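> Build me a model:
(2 chains)
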Amino acid sequence: MESIKSQQVTFKVFRFNEETDYLPYYNTYVLDVTHEEVVLDILNRIKWDHDGSLSYRRSCRHGICGVCSIKVNGKGILACKSRLFDLVEVFGNEITIEPLSTKRVVKDLIIDKKDFWDKHAAIKPYLVSEIEEHPAQEHLVSPHDAEKLLEADYCIQCGACHYSCPALAINEEFIGPAAFAAAYRFSADVRDEASLERLTVVNEEAQGVWDCVKCMECAEVCPKEVNPIEKITKLHNMVFEAGIAKNNVATRHAVGFAHSIEKHGLLDEGELVRYSEGNIGVLKHVPVALKMFAKGKIVLPWNMPKADKLDEIKKLVKSSSTVKF
Amino acid sequence: MEKLKYALFTGCTAKESTPEQMMSTLAVANKLGIELVELTEASCCGASHLQDYDDFLSLVLNARNIAYAEKHGLTMVTICNTCQLNTAMTKHRLDHNAELKAKVNAKLSEVGLEYKGTSQITHFLYAIIDDFGLDKIKEMVVKPLSQFNIAPFYGCHNIRPSELQNETHKGHENPYKPTSLDDLIIACGGVNVDYEEKNKCCGFHAELQAPRTAAILTGNAVAGAMDANADWMVTPCPLCHLKLDTQTHHASIAIGRDVSLPVLHMQQMIGLALGCSADELGLKHHVTKVDFV
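Below is the predicted model of the structure:
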């Protein structure tokens, strides 16, 4: 690929102006692209050489400011960091350029990120600490303590994960991966004193970490390798460790795995649903369960298979457990 | 070619809610001459939920499963995307963190085991593509699926995070444009269908906590395949299969449109093309009737 100096690429660019258009449309441009060009170069060329009305955000050009995030063929990217040749290698010579969220467009590739910032604000994305105004010494953080942030502080708030999260696309209350990563970043900081407050926010049903669908897209899409799902897992752990996990379907669903594994080695699927939902809640699953039973998909309790060497598993569950519910 | 041999980590659903997945795995392995040594000692992988409660316990249990594959000196093959992710993630974390590995091994030593890091972990789909080869599958097809438009449904945990999964898969699957399952459909003589949801989430993991989200994701997936004129769907993940096969009633209500398609495990699709019978492949265990066989 490197030996090819330039190639022709067809760009379909999303256009919409809320002041003049009812519906969005796409403009097509066929351009010769060189191997060193990034998507932002193409947007600039379209704006400067073809249509000055094309609107998009740009600033630092170095993958630091996070404003030029858009989607290319459905993939969230930073326009200033993504080489066209790399994208063409994956998607072919037809490249579709769209805003991060077509629902939130103000003009062309510019979106209103209000929901993103509101959710950040909800988790207090700053250090909360009672410190002297004029300390005699610096408040130093040791390298060991800094490592605990797991590089969550690399987030540039570009919104690529937020607007790629399928749980958030459906449930607008969901706080989303970027703000969760920020909640972890400040709660894991040794200087911070508001961790419990943040954990209470991320522990709520519908908005909190429990509604994560575990698709791993936030880890995949992040241009700074923040790995938000790792921080979401950490927040789950911190909720249990802080002793504030509520006794509800979501928490019991996680805890139920430990119970089942200790008893059978394997997961007892039926018992997990009963334990998670409770004896009344489980009733809503009966119609599907009956259909599954008719097709030989339900193992009855007395036929529950067990792992060989179950004594080993029982011993390890006892000795390796680190939390209580 | 030397006979392929793997340690099989079946996961839990193969023993419970998707018996047809176990049946078809064994039928296809038999046809292809692949030897699978079942890890009968293996525990549940925690299905991406146990680690939310107790991350260390999840690591120890997964390391124990891998240790048994290592004892056989074999690559571990998984038949569930989530088992694949949890096991591969455990391996990745232990292989890159000596301190954590030592802590986990201190626990495993209580039962006389050790995690060394000597076994690779790969999904059966990728073992077939990388080690057996699609060209050979193509040669073995006796009943090509040429009359069917087949919608591949990849399942999140085989393709994301790509950095992790591509450590073992030689083909370097791009999660934004995956090709493995499409290639397999073509090798089986079928027509692969392209649709937006093929690499998206089925909602399985949020089914109890966030039923509306889960149902809409399922509905969107089946609707996407239907709108692309698919006759049926195929997936390498038994959890996606459960969601797409058994939950379309809820999904239809959630998206306000009746959606339903037969869904096959990728092993069943290969099995059909290789001439296995419907009984061998457990097709009678589907909730959404497989009406074309």
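
> care to break the chain down by domain?
With no chain named, the answer covers chain A. For chain A, automatic domain parsing gives the domain ranges A:6-110, A:114-129+A:144-241, A:256-320.

> my bad, chain B
Per automatic domain parsing, the structural domains of chain B span B:5-123, B:134-285.

> Any chance of JSON lines for the ones you listed, columns mean pLDDT and distance to chain A?
(Each C-beta comes from the backbone N, C-alpha and C, glycine too.) Shown next, in JSON lines, are the domains of chain B (pLDDT from 0 to 100; distance: least, C-beta to the nearest C-beta, whole Å):
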{"stretch": "domain B:5-123", "mean pLDDT": "98", "distance to chain A": "4"}
{"stretch": "domain B:134-285", "mean pLDDT": "97", "distance to chain A": "4"}
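
> Tabulate these (CSV), appending distance to A:Glu18 and mean neighbour count.
Listed next are the domains of chain B as CSV, based on distance: least, C-beta to C-beta, whole Å; neighbours: other C-beta atoms under 10 Å in any protein chain shown:
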stretch, distance to A:Glu18, mean neighbour count
domain B:5-123, 40, 22
domain B:134-285, 25, 21
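
> Now render the ones you listed as TSV, adding distance to A:Cys218.
Converted to TSV, the domains of chain B look like this (distance: least, C-beta to C-beta, whole Å):
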stretch	distance to A:Cys218
domain B:5-123	14
domain B:134-285	9
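
> These: which one's closest to A:Ser55?
A:Ser55 lies closest to domain B:134-285 among these, at 25.2 Å (C-beta to C-beta).

> End to end on the closest one, go ahead and measure it.
With C-alpha to C-alpha, to the nearest Å applied, domain B:134-285 spans 27 Å between its terminal residues.

> who in the stretch 101-250 of chain A is up against chain B?
When proximity is defined as C-beta under 8 Å from any C-beta of the partner chain, the stretch 101-250 of chain A approaches chain B at A:166-167, A:170-171, A:205-206, A:210-217, A:219-220, A:227, A:233, A:236-237, A:240, A:249-250.

> out of the domains of chain A, deepest packed?
Stretch with highest mean neighbour count among the domains of chain A: domain A:114-129+A:144-241 (a mean of 21; mean count of other C-beta atoms under 10 Å in any protein chain shown).

> what's the offset of that domain from the middle of its chain?
In this view, domain A:114-129+A:144-241 has its centroid 8 Å away from the chain centroid, taken as C-alpha atoms, centre = their mean, to the nearest Å.

> ends of that domain, how far apart?
By C-alpha to C-alpha, the extent of domain A:114-129+A:144-241 from end to end equals 32 Å.

> Next: stretch B:103-117.
14 Å.

> swap in stretch A:14-31?
16 Å.

> what's in contact with it?
With C-beta atoms under 8 Å, 6 or more residues apart in numbering or on different chains as the test, stretch A:14-31 has contacts from A:8-13, A:42, A:45-46, A:50-51, A:54, A:96-99, A:102, A:105-109.

> the strands in the chain, which residues?
Going with chain A. Assigned strands in chain A, in chain order: A:6-15, A:25-34, A:69-72, A:75-78, A:94-98, A:105-107, A:110-111 (criterion: DSSP state E).

> wait, I meant chain B there
Going by DSSP E, chain B shows strands at B:5-9, B:35-38, B:76-78, B:121-123, B:149-152, B:191-192, B:232-235, B:263-265.

> thinking again about what came up before, turn the domains of chain A into CSV, columns for mean pLDDT.
Below are these laid out as CSV (pLDDT from 0 to 100):
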stretch, mean pLDDT
domain A:6-110, 97
domain A:114-129+A:144-241, 97
domain A:256-320, 97
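
> before we move on, back to that, out of the strands of chain B, which is closest to A:Glu138?
strand B:121-123 (45.7 Å).

> starting at the chain centroid, how far to the closest one?
9 Å.

> Kindly report the same for stretch A:291-308.
Offset of stretch A:291-308 from its chain centre (C-alpha atoms, centre = their mean): 35 Å.

> Outside of that stretch itself, which residues are in contact with it?
Contacts for stretch A:291-308 (C-beta under 8 Å, 6+ apart): A:264-266, A:268-271, A:289, A:313, B:15-19, B:40-43, B:246, B:284-287.

> again with stretch B:3-13
The contact list for stretch B:3-13 (C-beta under 8 Å, 6+ apart) reads A:266-267, A:269, B:21-22, B:25, B:32-39, B:42, B:44-45, B:47, B:65, B:68-69, B:72, B:74-80, B:82-83, B:87, B:119, B:127, B:131-132, B:238-239, B:242.

> Chain neighbours aside, what residue packs nearest to B:Tyr53?
The shortest distance from B:Tyr53 to any non-neighbouring residue, by C-beta to C-beta, 6 or more residues apart in numbering or on different chains, is to A:Ala254 (4.1 Å).

> Sorry, wrong one. I was asking about A:Glu220.
Nearest-residue entry for A:Glu220: B:Arg160, 4.6 Å, with adjacent residues in sequence omitted and distances by C-beta to C-beta, 6+ apart.

> how about the one you found, what does it touch?
Counting by C-beta under 8 Å, 6+ apart, the residues that B:Arg160 touches are A:Cys215, A:Met216, A:Glu217, A:Ala219, A:Glu220, B:Pro175.

> hmm, back to that, the strands of chain A into a markdown table, with extra columns for distance to B:Gln268?
Output for the strands of chain A, formatted as a markdown table (distance: least, C-beta to C-beta, whole Å):
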| stretch | distance to B:Gln268 |
| --- | --- |
| strand A:6-15 | 38 |
| strand A:25-34 | 40 |
| strand A:69-72 | 35 |
| strand A:75-78 | 31 |
| strand A:94-98 | 34 |
| strand A:105-107 | 43 |
| strand A:110-111 | 43 |
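
> sorry, back to before: what does the residue nearest to A:Glu220 show for phi and psi?
The phi/psi pair for B:Arg160 (degrees, to the nearest 10) reads phi -130, psi 140.

> can you check B:Val259 too?
Here is the backbone geometry of B:Val259 (degrees, to the nearest 10): phi -130, psi 140.

> Next up, the contacts around the closest residue to it other than its chain neighbours.
The shortest distance from B:Val259 to any non-neighbouring residue, by C-beta to C-beta, 6+ apart, is to B:Val222 (4.1 Å). B:Val222 sits next to B:Met233, B:Leu244, B:Thr248, B:Ala251, B:Val259, B:Ser260, B:Leu261 when contact means C-beta under 8 Å, 6+ apart.

> Now with 7 Å, please.
B:Leu244, B:Thr248, B:Ala251, B:Val259, B:Ser260, B:Leu261 (C-beta atoms under 7 Å, 6 or more residues apart in numbering or on different chains).

> thinking the fifth one is in contact with B:Thr246, fair?
Translated: B:Ser260. No - the pair B:Ser260 / B:Thr246 is not scored as a contact, 10.9 Å apart, by C-beta atoms under 7 Å.

> mind checking how far A:Ile64 is from A:Lys81?
Noted for A:Ile64: a distance of 10 Å to A:Lys81, by C-beta to C-beta, to the nearest Å.

> Please apply the same query to B:Asp52.
Applying C-beta to C-beta, the value for B:Asp52 to A:Lys81 is 32 Å.

> Same check on A:Gln157?
For A:Gln157, the distance to A:Lys81 (C-beta to C-beta) stands at 15 Å.

> could you show me where the helices are in the chain, in order?
Chain wasn't specified; assuming chain A. Counting by DSSP state H, one finds helices in chain A at the ranges A:39-45, A:84-91, A:114-122, A:143-147, A:166-170, A:177-187, A:195-202, A:217-221, A:228-241, A:249-264, A:269-281, A:286-294, A:310-320.

> try chain B instead
Using DSSP H, helices in chain B cover B:19-32, B:50-53, B:55-72, B:81-95, B:98-108, B:124-127, B:134-140, B:156-159, B:162-165, B:180-187, B:211-227, B:238-246, B:248-255, B:266-273.
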